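In: Turn this into a structure:
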Amino acid sequence: MKVLAFLGSPRIEGNSEFLLNEAIKAVKEEGHEVVLFRPSHMKIEPCINCGGCETTGTCVIDDDMEEVYRAIRESDRFIISSPIFFFSLTAQLKALIDRCQAFWCEKYLLKKPIPEGPHGRKGLLMMVGGMKKEIGFQCGDATATAFFRTINVPVHESIHYASVDAQGAVSDHPTAFKDAYEAGKRLVS
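Out: Take a look at the predicted model:
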């Protein structure tokens, strides 16, 4: 199986990256290929709501999303790891998700969803946030759910950790790394 991972955090060696590394380690131990995208290191323009994809399912903007679109079509499993900023996934990740409007048009307007492939399609969402309230994670999960369903991922698991803000603070959580590793294993089992 081919696994596609998205690191939402713009912070180098941040909490989201530490969690993602654990999940990826589990996936690779099971013998699967992982492709990682870091939207904060890519040239991804925001969606301009021009309607260009409505009749073709293809975005008119030419940037690094071309590589992302191709990888989404070719993958079987998907991981998103992101901090929560103002009750949402990060802006860099959200720009990537918004540009998947082309897939939304392809699936819902043109009735051509991405084929499930021989392994089906499943997802994993991992979130961290400095807040204590659940609302931020619920909002982040809602965005990820819309993204996953648009790219024809019918089910996904979500894990999150509150009160995790300072760089590296997730390593103080008693089960976070183990949870992420085990979630990675479940994703490809």
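In: Next, give phi and psi for the residue lying farthest from the centre of the chain.
Out: Computed with Cα atoms, centre = their mean, the residue of the chain farthest from its C-alpha average is Thr55, at 25.9 Å. Listed backbone geometry of Thr55 is phi -100, psi -10, with angles given as degrees, to the nearest 10.
In: ditto for Ala95
Out: Geometry field for Ala95 lists phi and psi as phi -60, psi -40, criterion degrees, to the nearest 10.
In: can you pull the contacts of it?
Out: Remark: with contacts taken as Cβ atoms under 8 Å, 6 or more residues apart in numbering, Ala95 is in contact with Pro39, Ile44, Glu45, Pro46, Cys47. (Glycine included, C-beta is placed from N, CA and C.)
In: do you know how far it is from Pro39?
Out: With distances taken as Cβ to Cβ, to the nearest Å, Ala95 is found 7 Å from Pro39.
In: and if you look at Lys122?
Out: As defined by Cβ to Cβ, Lys122 lies at a distance of 21 Å from Pro39.
In: Compare those two (neighbour count), which wins?
Out: Pro39 (26 against 21; other Cβ atoms under 10 Å).
In: Ala91 - nearest residue in space that isn't next to it in sequence?
Out: In space, not counting the residues next to it along the chain, Ala91 is nearest to Phe85; the distance is 7.2 Å by Cβ to Cβ, 6 or more residues apart in numbering.
In: how many neighbours does the one you found have?
Out: When neighbours are counted by other Cβ under 10 Å, Phe85 registers 19.
In: and it, what are its phi and psi?
Out: Here is the backbone geometry of Phe85 (degrees, to the nearest 10): phi -110, psi 120.
In: And the pLDDT at it?
Out: Residue-level confidence at Phe85 comes out at 95, pLDDT.
In: returning to that earlier point: contacting residues for the residue farthest from the centre of the chain?
Out: When contacts are counted by Cβ under 8 Å, 6+ apart, Thr55 touches Cys105, Leu109, Leu110.
In: Can you classify the residue nearest the centre of the chain as helix, strand or coil?
Out: Averaging the C-alpha coordinates of the chain gives a centre point, and the residue nearest to it by Cα atoms, centre = their mean is Ile80 (2.8 Å). Classification of Ile80 by DSSP: H, G, I helix; E, B strand; the rest coil places it in strand.
In: quick one, what contacts it?
Out: By Cβ under 8 Å, 6+ apart, Ile80 lies in contact with Ala5, Phe6, Gly8, Leu89, Leu93, Gly123, Leu124, Leu125, Met126, Ala144, Phe147.
In: again, but for Ala144
Out: Ala144 sits next to Ile80, Leu89, Gly123, Leu125, His156, Ser158 when contact means Cβ under 8 Å, 6+ apart.
In: Which ones among those lie within strands?
Out: Cross-referencing the contacts of Ala144 with the strands (criterion: DSSP state E) gives Ile80, Gly123, Leu125, His156, Ser158 as the overlap.
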